[in-house]
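Sharing a sequence plus its predicted fold:
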Amino acid sequence: MPRRIIVKIGSQVLCDSQGELNLEVLDALVGQVAGLSAGGWQVLLVSSGAVAAGSRIGDSLLQRVSDPVARKQVMAAAGQVRLMETYRALFEQRGLTIAQVLTSKSDFQTRRHYLNMRGCIEALLTAGMVPIVNENDVVSITELMFTDNDELAGLLAGMVKADLLCLLSTVPGVFDGDPDDPSTECIPTWDDQKHQIDEVVLRGTSALGRGGMHSKLAIARKTASLGTEVVIADGSDPEILVKVTGEQQAGTHFPPRGEASPAKRWLATTDDHAAGSVTVNDGAEAALLDNNLLTSLLPVGIEAVEGRFNRGDVIQIRNQDGRVLGCGRARYNHKETKKLRGQRGHKALIHYDYLYLVD
C-alpha cells in the first residue's frame with residue numbers, strides 16, 4: 001500500500017507580508033508534492049489561505065457588507081476560487097489533478113458523515129488525485145469551527161490512517177527555550193519523558209506564540225498516539241518535504257506510538273462533542289488508566305450520568321474531579337444507564353473496542 005502524507009500549510013506560510021498569496025512558496029511546495037507523488041506517496045493537502053485570497057477582491061465590494069462575520073464568509077467564498085485556481089494551474093504544470101474538499105466539524109460528529117467523507121477521500125487518493133482540504137468558512141459558525149487547520153489536519157490523519165502528518169509553519173520546529181537566546185536549540189525528537197508541553201511553551205517556544213504552539217504540540221502528541229508520525233517544520237524551506245520524508249533531519253519529529261483501530265481513530269475525533277457523560281469512581285478510573293489492562297467500563301464503576309443519550313451515541317467519561325478521561329460508544333441509553341449505575345453483573349456500558357482514552 002502506498003505511503004500517505006498529510007501536509008498542512010498555514011496562511012503565514014502561504015501569504016507574503018502584504019497578505020497576497022506567495023506564489024514562489026506555493027510553487028516550491030507544489031513541486032515537492034509532485035516529487036513525492038512520483039515517488040509513490042499519496043499526498044493530501046490541508047490548506048489555509050482562502051480568506052486571505054478573498055481579501056483582495058476589492059474594497060468597493062467588501063464595503064457593501066457591514067457585518068464582520070458575513071464579510072469573512074464573502075472573502076472565503078470568493079477567495080476559495082482564487083486559491084484553488086492557483087493550485088490547479090501549478091499542479092497541472094506537473095501533470096497532477098487536484099480535488100477540492102470543504103468540510104466542517106459537524107462532518108466528524110456522526111459516524112455516517114465521517115465514513116462518507118473518508119470514502120470520498122480514499123477514492124480520490126486511489127485515483128491518483130491530490131485532495132486539497134479546507135474548513136468550509138462559508139457555513140461554519142463558532143461552535144462548529146475547528147480550533148485551526150492543525151486540528152483539521154490531525155483529524156484527517158486519523159481518518160485516512162496517514163503514515164506522516166507534516167505541520168508546516170514559519171518556524172523550524174519546537175524550541176527548547178527562548179528562540180531569541182543563542183543557546184536555544186530546535187528539539188529534533190519529542191520525548192514525553194523529557195519534555196512537558198506547558199514547560200516548553202512557558203519558556204517561549206516560537207514566534208507562533210504560546211497559544212499557537214501549545215495547540216500544535218497537543219495535536220501532534222494526540223495524532224502520534226493514534227499511530228501517525230508527526231513533524232512540525234518550516235514551510236518556507238524550499239526542500240522541506242524532501243527532507244522530512246528522506247534521511248535529512250528537519251523540524252521536530254513526534255514518533256508514532258501504538259496502533260489504533262479505525263473505531264478508536266474515529267472516537268478520537270468526537271471527544272469534545274459527545275451526547276452525554278458519565279462520572280466514574282476512583283476504582284474504575286484506576287482500571288481504565290492502567291496500561292497493563294484492556295478494561296471496559298462496567299456499570300458498577302459509574303457514579304453519575306448526565307445528558308440524554310441513546311444506545312450507540314458517543315459519551316464522555318469523567319473522573320470525580322470533572323476531568324475528561326476519554327469517550328466511547330454507549331451500549332445503553334441514559335435511562336438504562338441510570339438504572340444500572342453502581343450495579344454488578346451487567347455487560348459493559350462501553351466495551352474496550354469502542355473506548356478512547358485521552359493521553
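The structure has been received and is ready for your questions.

helices and strands of this protein: which one bottoms out on pLDDT?
helix 197-202 (a mean of 60; mean pLDDT, DSSP states H and E).

Tell me the first helix or strand C-terminal of that one.
On the C-terminal side of helix 197-202, the closest following helix or strand by DSSP states H and E is helix 210-225.

In that following helix, which residues are buried?
212-225 (16 or more other CB atoms under 10 Å). All C-beta atoms are positioned from the backbone trio N, CA, C, and that covers glycine.

Over to the spatially most central residue of the chain: give its phi and psi.
In the chain, the residue lying closest to the centroid (CA atoms, centre = their mean) is Gly154, at 2.2 Å. Dihedral pair for Gly154: phi -60, psi -40, per degrees, to the nearest 10.

So, low pLDDT: which residues of the stretch 251-359 of the chain?
For the stretch 251-359 of the chain, the stretches flagged by pLDDT under 70 are 271-272.

any chance you could map the strands in it?
Along the stretch 251-359 of the chain, the stretches classed as strands by DSSP state E, counting those that start in this stretch are 252-254, 276-280, 302-307, 314-318, 324-329, 355-357.

Let's have those in TSV, adding mean neighbour count and distance to Glu85.
Shown next, in TSV, are the strands of the stretch 251-359 of the chain (neighbours: other CB atoms under 10 Å; distance: least, CB to CB, whole Å):
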stretch	mean neighbour count	distance to Glu85
strand 252-254	24	34
strand 276-280	22	45
strand 302-307	16	45
strand 314-318	24	39
strand 324-329	22	40
strand 355-357	23	39
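
Dump those to a markdown table, plus distance to Gly39.
Below are those laid out as a markdown table (distance: least, CB to CB, whole Å):
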| stretch | distance to Gly39 |
| --- | --- |
| strand 252-254 | 20 |
| strand 276-280 | 46 |
| strand 302-307 | 48 |
| strand 314-318 | 38 |
| strand 324-329 | 38 |
| strand 355-357 | 34 |
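
looking at those, which is closest to Lys335?
strand 302-307 (9.0 Å; CB to CB).

Quick check: neighbours of the closest one in the sheet, parallel or antiparallel?
Strand 302-307 pairs in its sheet with strand 276-280 (antiparallel), by DSSP bridges.

okay, the angle between the partner strand and strand 314-318?
Counting by axes from the mean of the first three to the mean of the last three CA atoms, to 10 degrees, strand 276-280 points 30 degrees away from the direction of strand 314-318.

CA atoms only for strand 276-280 - export them in PDB, please.
C-alpha atoms of strand 276-280 as PDB (Å, rounded to 0.1, in the frame of the first residue of the first chain):
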ATOM      1  CA  GLY A 276     -23.700  13.000  27.300                       C
ATOM      2  CA  SER A 277     -21.300  11.900  30.000                       C
ATOM      3  CA  VAL A 278     -20.800   9.600  33.000                       C
ATOM      4  CA  THR A 279     -18.700  10.100  36.100                       C
ATOM      5  CA  VAL A 280     -16.700   7.100  37.400                       C
END
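
just the strands in the stretch 51-200 of the chain please.
98-103, 130-135, 164-169.

who's in contact with stretch 87-105?
Residues outside stretch 87-105 that contact it (CB atoms under 8 Å, 6 or more residues apart in numbering) are 26-27, 30-31, 33-34, 37, 45, 47, 80, 84, 117, 120-121, 124, 128-136, 138-140, 144-146, 152, 273.

got the buried residues for it?
Tyr87, Leu90, Phe91, Leu96, Ile98, Ala99, Val101, Leu102, Thr103, Ser104, Lys105.

again, but for stretch 244-251
Neighbour-count burial for stretch 244-251 [16+ other CB under 10 Å]: Val244, Thr245, Ala250, Gly251.

re earlier: can you list the buried residues of stretch 87-105 in TSV and add pLDDT and distance to Ile302?
Output for the buried residues of stretch 87-105, formatted as TSV (pLDDT from 0 to 100; distance: CB to CB, whole Å):
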residue	pLDDT	distance to Ile302
Tyr87	95	50
Leu90	97	55
Phe91	97	52
Leu96	97	52
Ile98	97	49
Ala99	97	45
Val101	93	39
Leu102	88	40
Thr103	87	34
Ser104	82	33
Lys105	80	28
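
Closest one of the residues you listed to Ala162?
Val101 (14.7 Å).

Relative to Leu156, how far out is that closest one?
In this view, Val101 and Leu156 are 9 Å apart by CB to CB, to the nearest Å.
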